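[1] Sequence and predicted structure below; questions after.
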Amino acid sequence: MITRFSSLALFAGVLASTSVRAQGVDDCASPQAISGVGVFAFDTTSATTGASAQNFGTCTDTAGLTGIANDVWFAWTAPSTDEFDLATCGGTAIDSKVAVHGSVGCPTLEPLACNDDACGTQSQLRFSATGGATYAIQLGNWPGPNTLPGTGTFSISIFVPPPPCSPSVGPDVIVGDIQDISNVSVSGPLDAISLGTTSCNIGTVNLNWFANVNQHPVIGGNLYRYRTVNGSGRFEQIGMSWLKHGFFALSLELCCTNCQGTDGSTLGVNCSDPYTAARNGQQFGLGPRFEVNPHTGAYPFPPSSPAFSGSTARRCEFLTSDVDVSPGVRYFGETQYVTPDDAAAGNQDNNASYRELSAVILGGAAGAQFGFVGATQREKSAIEAWSVVDPAVVVNAVAVPGEGLFHVGYRATDLGGGQYHYEYAVHNLNSDRAGGSFTVSVPASATVTNVEFHDVEYRNGDGDGSASFSGLDWTVTRSGDTLTWTCETPSQNALANALRWGTTYNFRFDANAAPTPGLATLGLWKSGAPANVTTSVDVPGGSPIAGFCFGDGSSGPCPCGNESAVGAGQGCAHSGGQGSRLVATGATSVSADALVLQVDGLPVPSTPPGVSLFFQGTTPTNVAFADGRLCVGGTLVRLAVKHYSGGTAVYPSVGDASVSVRGSLTPAGGVRYYQVWHRDLLTPCGSNSNLSNAVNVTWLP
């Protein structure tokens, strides 16, 4: 029998602000009308246990009880003919039980579906419905001892059948669900949560899950906050946990069908395995992050275990002062699996997922209490939620060749009065080399103010020798046309505050120059080749380089309505759902040419490599062409055909002539225009090719 308990301190009522007005009626004869899909509130606090619908065999639970106590009723109208999921998972602290009946009114026939415990002590069921028909929903408490009525929410969504999976060769573990939250009591200035996870093996080979050796997954959690400060949005990491070491894998189904069950020493193909928040938060079983190479999945076992004390230690800790419940503030939980055989198969870049959270401050020892908002976003790092909150944000994936993956998000905000705020967030998903510097182009003529840096703190001895990594802010220097943040080097401090895996650091400033496309350079902390990687971002203008002719509709419609996001600075959208973005950086003097043209966001080719063409023109134009807009005309020069595989192409590269030489510029210079054509066999308009935005460059002698 399942052990029953009530934890009213968990997060009762947390989601009330995100639900609709429905609360339920304590009478099956006059249920409250609701319709469609979404999140709905309920309140069983004053509800009685009705005589109707208490003895149906379909509702028999593991304790042998058929009833639903303190039940309230809804009359739900289906929006379409589909299968639907109804769940209280993550929406309440009560021990819920729920049934769906085939008609409105006090039921006399067995329910279509009934469930007691599907996710902890909360409920989830699936049923078929006909569009326009109305069904009765009965929701209340498990009728056994030691349960209390209360409030919360339930969700109704259209069921989307999972695929048979196996899209990846080899073992491939992902976070299929962030399933529950454990809120613990505060310890001094610190509070903490733990996040429960359900892993899924979507690969073609069983995933190793051997206990007591270094061949099992480790599981970490992070907490992020979005809020607006002085008129501009900030997406910041405020907490992170140590790592749960896996020890046994069940053979359930969540992400896929046709689970190939095992004895628990591996996670079978198409199988899932849940670890509760309580289990992921068992302090004595958590190991530090610093011992794990996130790209290879290698780590020693057993992990280091320095002494700890307090309720928050090793869990996903954060400062109580970092919890802001002002209107518009949003929170996101992120979890990530790292394991050797997944990494060896090259499947380590999809191991993080996020889920939006809600927060209330109860104060005292209870501190902040978090609940769920919406569903888990599988195979997406939390930084990708920033562009969901604010569609003007762009997040680029930046790979270190053969080593790891970063994400760089950016947003430029017009503050008025000729002032602009520049906000950058850099996330290290799984690079062991880590980040050691961050540079953006800022013209020397621009006035820069309010330069800031934000990181997340290591605690409890998570660092070499069980001494926590430094929390020293990166230093800022401005030289010529660049602004650079830098941390201590490995030779200066082995415990330096490098941008290590599973963390996000922020860089920001204000400037009196409007944004224009440019490049950001991320310097890698550990030695190796390359020493740095680059990506396109918005930077302050004022240089002889400017982007134009964007595919967001501002330069005319895209050929088949395939506009890219407004303000993203891209060309018309390609088969990847976004446009490609061309930026130019470097000196634009003909006598000292250091210009580099880089295009990011190219479509992933179905058969690598992809093909792109850099070209130059003497006049601007603006006409529909292929799936994009042709923005460069006059005398055209083909600079180079460049093959690519990772979404980025660059000209010139090693062995290429400079842009000014290949473009036959005279010593006097002049204005030239640049664009990139690329092949795209799955284009939305069917032409099999598309174009980036364009860039104009004023060449000096």
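    Ah, there it is.
[2] Could you double-check that residue 679 sits in contact with residue 689?
    Yes - using CB atoms under 8 Å, residue 679 is in contact with residue 689, at 5.4 Å. Using the backbone N, CA and C atoms, a C-beta is placed for each residue, glycine as well.
[3] measure residue 134 to residue 555 for me?
    Separation of residue 134 from residue 555 (CB to CB, to the nearest Å): 50 Å.
[4] same deal with residue 448?
    Residue 448 sits 30 Å away from residue 555 when distances are taken as CB to CB.
[5] Can you give the strand pairings for the one helix or strand in the chain whose mean pLDDT sits lowest, parallel or anti for each?
    In the chain, the helix or strand scored least confidently by mean pLDDT, DSSP states H and E is strand 545-548, which has a mean of 86. Sheet pairing of strand 545-548 (DSSP bridges) gives strand 689-699 (antiparallel).
[6] Could you tell me which ranges of the stretch 551-700 of the chain sit under the pLDDT cut-off?
    Applying pLDDT under 70 to the stretch 551-700 of the chain flags no residue at all.
[7] where do the strands sit along it?
    581-585, 596-600, 610-617, 619-625, 628-633, 637-644, 649-651, 670-679, 689-699 (DSSP state E, counting those that start in this stretch).
[8] Note down every partner strand of the third one and its orientation.
    Strand 610-617 has the following sheet partners, assigned by DSSP bridges: strand 637-644 (antiparallel), strand 670-679 (antiparallel).
[9] what residues are up against residue 337?
    Contacts for residue 337 were tallied using CB atoms under 8 Å, 6 or more residues apart in numbering; they are 173, 174, 175, 197, 199, 217, 218, 219, 351.
[10] Mark which of those are part of strands, please.
    Under the assignment DSSP state E, these contribute 173, 174, 175, 197, 199, 218, 219 to strands.
[11] give me the number of residues near the last one?
    So the one you mean is residue 219. A count of nearby residues for residue 219, using other CB atoms under 10 Å, gives 27.
[12] what's the distance between it and residue 199?
    Distance from residue 219 to residue 199, by CB to CB: 8 Å.
[13] picking that back up, which one of the contacts of residue 337 is nearest residue 493?
    Distance to residue 493, by CB to CB, is smallest for residue 218 among the contacts of residue 337, at 25.6 Å.
[14] now the helices: where do they sit in this structure?
    With DSSP state H, the ranges of helices along the chain come out as 277-280, 340-344, 384-389, 659-662.
[15] Now distance to residue 105 and mean neighbour count too, for those, in TSV please.
    Formatted as TSV, the helices of the chain follow (distance: least, CB to CB, whole Å; neighbours: other CB atoms under 10 Å):
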stretch	distance to residue 105	mean neighbour count
helix 277-280	39	19
helix 340-344	52	21
helix 384-389	41	20
helix 659-662	76	20
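[16] Select, out of the ones you listed, the one closest to residue 568.
    Among the helices of the chain, the nearest to residue 568 by CB to CB is helix 384-389 (9.4 Å).
[17] what's that closest one in contact with?
    Helix 384-389 is contacted from outside by 224, 226, 233, 235, 330, 332, 354, 356, 377, 393-395, 407, 409, 411, 425, using CB under 8 Å, 6+ apart.
[18] So which of these sit within strands?
    Judged by DSSP E, those include 224, 226, 233, 235, 330, 332, 354, 356, 377, 394-395, 407, 409, 411, 425 as members of strands.
[19] one step back: mutual contacts of residue 219 and residue 199, please.
    Common neighbours of residue 219 and residue 199 (criterion: CB under 8 Å, 6+ apart): 275, 337.
[20] hang on, residue 579 packs against residue 564?
    Yes - shown here, residue 579 and residue 564 form a contact pair, counting by CB under 8 Å, at 3.6 Å.
[21] Those two: who's more crowded?
    Comparing residue 579 with residue 564 by neighbour count (other CB under 10 Å), the higher total belongs to residue 579, at 30 against 25.
[22] Let me know how buried residue 254 is, in neighbour terms.
    Around residue 254 there are 17 residues (other CB under 10 Å).
[23] Give me the neighbour count for residue 671.
    Neighbours of residue 671 under the rule other CB under 10 Å: 12.
[24] Residue 302 now?
    The burial count for residue 302: 10, using other CB under 10 Å.
[25] And residue 25, by the same measure?
    Neighbour count for residue 25, taken as other CB under 10 Å: 16.
[26] contacting residues around it?
    Listed by CB under 8 Å, 6+ apart, the contact set of residue 25 reads 31, 32, 72, 73, 74.
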